[in-house]
Each structure stands twice: as C-alpha cells, then as structure tokens.
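# Got a predicted structure plus its sequence, pasted below:
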Amino acid sequence: MRLAAAVAAAAVFLSAGSLAARAADLKSTADAKIALSNFYAGNSWRQALLKSWSDTANQAIKDHIIAEAKIVNADNSATEQSSQIESLIVEGYKAIVVDPISTTAINGAMEDACSAGVVVVVFNETATVPCAYHIVTDYVEDGRLQAKFLGEHLKGPANILEIRGIAGTSADVDMHNGLVDGLKAYPNIKIVGTVYGNWTQTVAQKEVAGVLPSLPPIQGVATQGGDGWGAYQAFHAAGRPTPIIIMGNRQDELALWKTLVDKDPNYQTFSVSSTPSSSKVAFWVAQQILAGRHVPKTMNLPVTTIYKKDLDAWLKITPVGSLALTPFDQSWTESFIDAANSGKPAPEAPSPSMNAQ
C-alpha cells in the first residue's frame with residue numbers, strides 16, 4: 001500500500017512538473033494583436049458571437065495577455081472579407097481568426113496572411129486553405145441529431161419542412177447533408193418543402209408563411225438555428241397545428257418551447273445549434289499558438305444540445321435576445337487542445353446542470 005501511494009504521489013508530482021514545464025515553455029503574447037474577420041452579423045446568433053469575442057478579447061487586454069484586438073465585418077461579401085484580411089496583414093496583426101463566407105472564396109487572402117507569418121484560425125464555417133488551423137463544428141451531426149429525434153418521435157408516415165440557412169455556406173450544406181443522411185433510417189418520413197431562412201427569425205417566418213399554402217400537413221420542422229420562433233409564428237398565423245419544431249438555442253425559441261410545454265406537457269422537441277461562444281475558443285486557440293503551444297491543424301468542436309430536462313436551467317442563464325452560450329474559457333480551451341493532441345474527444349463543455357452539481 002505504501003509503495004502504491006508513493007508511486008501515485010510521484011505520478012502526481014511528475015504530472016504537475018510537466019504542466020509547469022509546459023507553461024514555462026510558452027512565451028508571452030503581451031505585445032500581440034489578434035483580429036476577428038467575420039463575414040455576417042445580421043442575426044442574434046452572430047451578435048452573440050461578436051459579443052463573446054469582444055468580452056474575451058477585452059479581458060485579455062486588461063490582463064496584459066494581448067495588446068490589441070479588432071473585429072471586422074464583411075456584410076456577407078467575399079470581396080470585402082478578402083480586402084479586410086489584406087488590411088489586417090498590413091496593420092500588423094499577428095493572428096487573424098476567420099469565420100469565412102465560403103470554403104474557397106477568400107482562400108487567397110488567408111494564404112497571403114500565412115505567407116506573411118500571420119497565424120490564421122478558421123472556425124464556425126470551413127475553408128480549404130491548408131496553411132490555416134481549423135476548429136471544425138460538427139454541423140453534419142447537427143442534422144443527424146435532428147433526423148434521429150424526428151424519426152423516433154414521429155409515428156407512421158410524416159412530412160417534414162426543412163428550413164435551411166444561408167445558401168452556399170458550408171454550415172448550411174453540412175446540416176442539410178446530415179439531415180438527409182439521418183432520415184435514410186426512417187423511409188416513412190419525407191422532406192416535402194424547403195426554404196432558406198438565413199438563420200434569422202423574421203426571414204424564416206416570411207419564407208415559411210409563403211410556402212405553407214402549397215404544402216400538405218406538416219408533422220415536423222427541421223431547422224438550422226434562428227428559425228424555430230419564426231416557423232411557429234407562420235404556422236400559428238396560418239391556423240395550422242403546431243408540428244415538432246426543432247429549436248436552435250435562441251432565448252426566444254427556448255421561451256417558446258417552455259410555453260408550448262406548459263400548454264401541452266406532451267409536446268416534444270429539443271434544441272441544437274453550434275454555440276456563438278465558439279469565438280472564445282477560437283480566440284484562445286490563436287493566443288496559445290502565438291504563445292508557442294503545439295496545436296493540431298484540425299480540432300472538432302461539438303454542437304450544443306438542450307433536452308427537456310435541462311430547459312429550465314438554460315432559460316435561467318440565457319438573457320432575452322441572446323442565445324444559450326456554452327461558457328468556454330482559456331482553461332477549457334487548453335484542455336481541448338491537449339485532448340486533440342492526444343487524439344481524444346473534446347472534454348465535456350460546462351453547462352448549467354454541471355454548474356449546479
């Protein structure tokens with residue numbers, strides 16, 4: 001027993017020593033400038049992403065971890081985003097975190113940044129530029145999770161309305177492909193209508209209202225985030241029964257879900273989306289690369305799911321007008337990097353239920 005205890009103590013000592021050595025090997029980034037290149041800012045999800053970034057970057061500046069941070073928004077223009085990245089290179093930014101408008105359209109600008117010695121971190125959407133680091137949100141899994149939920153809760157033949165995001169973006173394509181692939185296991189469920197909601201409630205409401213008169217009875221609505229509340233309003237205004245509407249982690253969607261359950265305890269749905277606080281992870285990954293930590297070129301970040309048992313807990317911490325934000329921080333990101341370096345899955349992200357334990 002004494003030998004075992006001694007071995008365990010030595011292991012703890014060595015582990016602590018290796019962690020200290022690893023931290024000592026990292027260099028200061030106090031003079032670093034890190035920028036965010038964002039292609040779209042026109043919905044609540046995007047506003048939450050920008051706020052998550054700003055809060056994290058501003059605190060890092062106060063803590064003397066970096067010197068300066070900046071956000072540039074391209075207003076859904078590939079030309080503008082490329083031009084902004086070129087300007088950031090000239091302005092001396094040492095790292096640029098990029099949410100790209102497409103997988104290829106701004107690759108040239110990102111390659112120019114890499115050639116200039118700038119660290120480029122791509123997140124949320126995907127790009128095919130090989131010199132960048134990639135934080136990949138598993139949007140295909142988002143679609144598959146929706147297909148699985150609809151398949152398990154809709155009995156017999158059923159019709160699905162699919163609300164897609166912004167046409168041409170990798171996230172939209174991945175979620176659509178995941179949904180279609182997942183529904184192969186449920187041949188009685190058919191997608192009978194598709195609209196593009198631009199991940200925005202008002203656009204989704206208008207598009208759904210426009211297509212509903214031409215559709216048969218709908219038992220389920222697959223979404224991409226920012227669509228659930230608008231879809232419900234369209235069905236309600238048309239006098240149609242409320243189908244299973246997959247929610248997208250917005251506060252108004254979670255509040256609507258709570259209202260629907262209060263009216264009918266048997267109402268079934270769940271909520272799934274990437275989290276805007278992925279921008280926090282992207283910031284800390286960029287900072288850690290600048291500090292000299294080894295980071296894999298590609299790391300997989302899971303989507304955030306909310307089920308009925310956790311609905312009240314998430315609603316309690318999600319402000320009106322915002323979204324359910326997974327509270328990522330520097331410590332979690334370092335664990336995320338360590339897991340990726342070891343070939344392990346991402347560590348469990350913090351949640352309201354975990355914090356209550």
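Noted; the coordinates are in hand. Remember, it's a predicted structure, so these values are computed and weren't measured experimentally.
# which residues touch S335?
The contact partners of S335, taken as C-beta atoms under 8 Å, 6 or more residues apart in numbering, are P347. No exception for glycine: its C-beta is placed from N, CA and C like everyone else's.
# which SS class is it?
Secondary structure, DSSP: H, G, I helix; E, B strand; the rest coil: S335 is helix.
# Against which helices or strands is whichever strand or helix holds T259 packed?
Here T259 sits within helix 251-263, counting by DSSP states H and E. Here helix 251-263 touches helix 228-237, strand 271-273, helix 311-317, going by 3 or more C-beta pairs under 8 Å, 6 or more residues apart in numbering; DSSP states H and E.
# will you turn the ones you listed into TSV that also has mean neighbour count?
Shown next, in TSV, are these (neighbours: other C-beta atoms under 10 Å):
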stretch	mean neighbour count
helix 228-237	22
strand 271-273	25
helix 311-317	15
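# for those, which one sits closest to I135?
Ranking those by proximity to I135 (C-beta to C-beta) places strand 271-273 first, at 15.8 Å.
# For the helix or strand just after that closest one, enumerate the helices and strands it packs against.
Under the assignment DSSP H and E, the closest C-terminal helix or strand after strand 271-273 is helix 278-290. On a contact count with 3+ C-beta pairs under 8 Å, 6+ apart, helix 278-290 meets strand 33-38, helix 44-62, strand 95-99, strand 119-123, strand 133-137, strand 298-301, helix 330-341.
# Buried residues, stretch 173-193. List them.
For stretch 173-193, a neighbour-count test (16 or more other C-beta atoms under 10 Å) marks V173, D174, M175, H176, G178, L179, G182, L183, Y186, I189, V192, G193 as buried.
# So which of those residues belong to strands?
Counting by DSSP state E, those place I189, V192, G193 in strands.
# Point to the residue nearest the middle of the chain.
Centroid-nearest residue in the chain: S274, 2.7 Å away (criterion: C-alpha atoms, centre = their mean).
# List the contacts of that one.
With C-beta under 8 Å, 6+ apart, S274 has these contacts: N124, T137, Y139, D142, A171, G225, L301, V303, T304.
# which of these are buried?
Using 16+ other C-beta under 10 Å, the buried ones in those are N124, T137, Y139, D142, A171, G225, L301, V303, T304.
# Adding distance to R293, write those out as JSON lines.
JSON lines is the format used below for the buried ones among the contacts of S274 (distance: C-beta to C-beta, whole Å):
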{"residue": "N124", "distance to R293": "22"}
{"residue": "T137", "distance to R293": "21"}
{"residue": "Y139", "distance to R293": "27"}
{"residue": "D142", "distance to R293": "29"}
{"residue": "A171", "distance to R293": "27"}
{"residue": "G225", "distance to R293": "31"}
{"residue": "L301", "distance to R293": "17"}
{"residue": "V303", "distance to R293": "25"}
{"residue": "T304", "distance to R293": "25"}
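# quick one: which of the residues you listed is nearest to V295?
Distances from V295 to these, taken by C-beta to C-beta, are shortest for L301, at 13.3 Å.
# who are the neighbours in contact with L215?
N159, L161, V192, G193.
# Excluding chain neighbours, what is closest to the first one?
Setting aside the residues directly before and after it, N159 is nearest to V192 in space (C-beta to C-beta, 6 or more residues apart in numbering), at 4.5 Å.
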